[in-house]
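Undergrad: with the input below, show me the fold.
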Amino acid sequence: MMTEAELEKFPDHTFGQTFTTLKCQSSLYLTWLEKKLKRNGGQVHIGKVDNVWQLHGKYDVVVNCSGIGSRDLFGDLSLYPVRGQVLQVHAPWLSHFIREADGNTYIYPGISSATLGGTRHKDDWRLAPDAKTSKEILDRCCALEPSLHGVRVIQAKVGLRPARSAVRLEKEMLVKNGQQLPVVHNYGHGGGGFSVHRGTAKTATRLVEEFIPLLRGFYAKSKL
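TA: Numbering: from 1, shown residues only. Here you go, the predicted structure:
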């Protein structure tokens, strides 16, 4: 099993391949991404945003990756939660991904644990794990991989996938009381965020770049 320190040894261009073809564990991957951001001069600020206009004047462009929070921040009622429950288990002998055709039952080996899933409950906002559901997940996964019988369960986890008819990936210029707030939306990935995040992030970056000439003209006029 690779540790976070060992993962740091991989060149940036091979890291994505390492996660997708060998073993994936999103918590370590996100930590690695944050460190990479900081090494390149980025900053991380933690806080609560109740209204997107709180950011006006602080940032030139807002990139909205708030997921299910876009219902409240931007009034997108087409966005809905799909509740997912999974189990983390200690199964270091697993080396292959196993997934049923419908995608509801799967076994994903990770770096420090394996993930067994899962559920897809639309419009279900419950965040607490359900013991009956955990048993059903374990039974289904044991049917796929008998070596999991008697496996040690580390943790049951629940998440709300931010789903909509399609990912919202677009620019929007908000206007309020004569003030403008450039926004790039990048949310609504449902359960596929880990799979497509690199592509949508690159598109979001391009959309931010398209805003820059407009901002230069806006600031030039403001100084006159």
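
Undergrad: now do the strands in this structure.
TA: 62-64, 80-90, 98-99, 106-109, 114-117, 121-122, 152-163, 168-176, 179-187 (DSSP state E).

Undergrad: from those strands, which stretch is densest packed?
TA: Among those, ranked by average contacts under mean count of other CB atoms under 10 Å, first place goes to strand 114-117 (a mean of 24). In short, each C-beta sits where N, CA and C put it, glycine included.

Undergrad: CA-only coordinates of it, as PDB, when you get a sec.
TA: Provided in PDB are the C-alpha atoms of strand 114-117 (Å, rounded to 0.1, in the frame of the first residue of the first chain):
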ATOM      1  CA  ALA A 114     -11.500  -0.800  -0.100                       C
ATOM      2  CA  THR A 115     -14.800   0.800  -0.900                       C
ATOM      3  CA  LEU A 116     -18.000  -1.300  -1.200                       C
ATOM      4  CA  GLY A 117     -21.100   0.200  -2.600                       C
END
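
Undergrad: show me what it is packed up against.
TA: strand 80-90, strand 106-109, helix 131-144 (3 or more CB pairs under 8 Å, 6 or more residues apart in numbering; DSSP states H and E).

Undergrad: the strands of the chain: which one's closest to Gly193?
TA: strand 152-163 (7.9 Å; CB to CB).

Undergrad: do you know how far the residue nearest the centre of the chain is from Asp60?
TA: Most central in the chain under CA atoms, centre = their mean is Gly193, positioned 5.0 Å from the mean C-alpha point. Going from Gly193 to Asp60 by CB to CB, to the nearest Å gives 26 Å.
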